[in-house]
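Asks: kindly generate the corresponding structure for this input.
(chains A and B)
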Amino acid sequence: MGTSVFYFVATLSVFFALMVVFAKNPIHSVLYLILTFFTFTVHYILLNAQFLAVVNFIVYMGAIMVLFLFVLMLLNLNKENEPNKSMVLRIIGVIAGGCLAVTLIGSLRSVAISDPLVLKNPSLGLVENLGKELFGPFMLPFELSSLLLLSAMVGAVLLTKKEEKVNG
Amino acid sequence: MGSIFENMQGVPLNHYIWFCALIFTIGVMGVLIRRNAIIIFMSVELMLNAVNLLLAAFSVHHNDPSGQVFVFFIMALAAAEVAVGLSIIVMVYRNTQSIDINVLNRLKW
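Replies: This next block holds a predicted model:
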């Protein structure tokens, strides 16, 4: 039963990812994206990366999805006049993506690393272990990422502010 | 929690690589065939997630927690990127009343 969980969840995520790309209505795309992120959370739990599972759940399914849905509702785009590319361009895009997939998978077939994934240290992905890593050797990047988030916040506010002089 | 992973032992690393390559390709395809800027953005998120999962899988494979720390940093970066990108999309919509990226082809010149 063990490994079949992985294949079941992987099939689900591929299906939902395809639906994100091919859904007509943008709202449906966002909802399928939420489901895709949920299956990724399940993947993290299956890898016993509990910290990443929780962070993925909070950041992606909480913050980012709310942002996407909020912007989509704000722009009022749920009418069916969404611009579509011509059929030829779509087919070319699918063929180009397929070529990329074939190249990646074909080149990785020759790499002989097919030994099964074995967790040697069961506490690898737990908060305690990652916290020691994060506040030990990765202290400086961790603090710098707070600067990154601050600048992103300021940038987002600045970008969405109305320029009164230009418009008025 | 440990018992869940006990059942999981034995998925070959290759299958993780193929799965992540597939998801990444679906993201690339989405960028290529859609013209709605928000959906292109979501496809980029899909690609980021595929890479994240692969990093976590390799971190388990090598028994090295640095991979999972990098996934954490990528998630922080993705949050910042989404905030700035969506505000750019809102600004574009306010100026052109559309989020069709073909409207932006004037940026070429």
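Asks: make it CA atoms for all contacts and neighbour counts henceforth
Replies: Will do.
Asks: what is the burial count for residue 100?
Replies: Using chain A. Applying other C-alpha atoms under 10 Å in any protein chain shown, we find 19 residues neighbouring A:L100.
Asks: please go with chain B instead
Replies: B:D100 sits with 18 neighbouring residues when counted by other C-alpha under 10 Å.
Asks: looks like it contacts B:A37 (just checking).
Replies: Yes: contact criterion C-alpha atoms under 8 Å: B:D100 and B:A37 qualify, at 6.3 Å.
Asks: residue ranges with poor pLDDT in the chain?
Replies: All of this refers to chain A. For chain A, applying pLDDT under 70 flags the ranges A:1-2, A:77-85, A:112-114, A:164-168.
Asks: other chain: chain B
Replies: For chain B (pLDDT under 70), the answer is B:1-9, B:109.
Asks: now do the contacts for A:R90.
Replies: B:32-33 (C-alpha atoms under 8 Å, 6 or more residues apart in numbering or on different chains).
Asks: again, 7 Å this time
Replies: By C-alpha atoms under 7 Å, 6 or more residues apart in numbering or on different chains, the contact list for A:R90 reads B:I33.
Asks: flag every buried residue along the helix or strand encompassing it.
Replies: Here A:R90 sits within helix A:87-109, counting by DSSP states H and E. The neighbour-count criterion (16 or more other C-alpha atoms under 10 Å in any protein chain shown) identifies A:90, A:93-94, A:96-98, A:100-101, A:104-105 as the buried residues of helix A:87-109.
Asks: same deal with stretch A:115-127?
Replies: Neighbour-count burial for stretch A:115-127 flags A:117-119, A:122-125 (criterion: 16+ other C-alpha under 10 Å).
Asks: export these to CSV and tack on secondary structure and distance to chain B?
Replies: Formatted as CSV, the buried residues of stretch A:115-127 follow (DSSP: H, G, I helix; E, B strand; the rest coil; distance: C-alpha to the nearest C-alpha, whole Å):
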residue, secondary structure, distance to chain B
A:L117, coil, 6
A:V118, coil, 6
A:L119, coil, 6
A:P122, coil, 7
A:S123, coil, 9
A:L124, coil, 6
A:G125, coil, 7
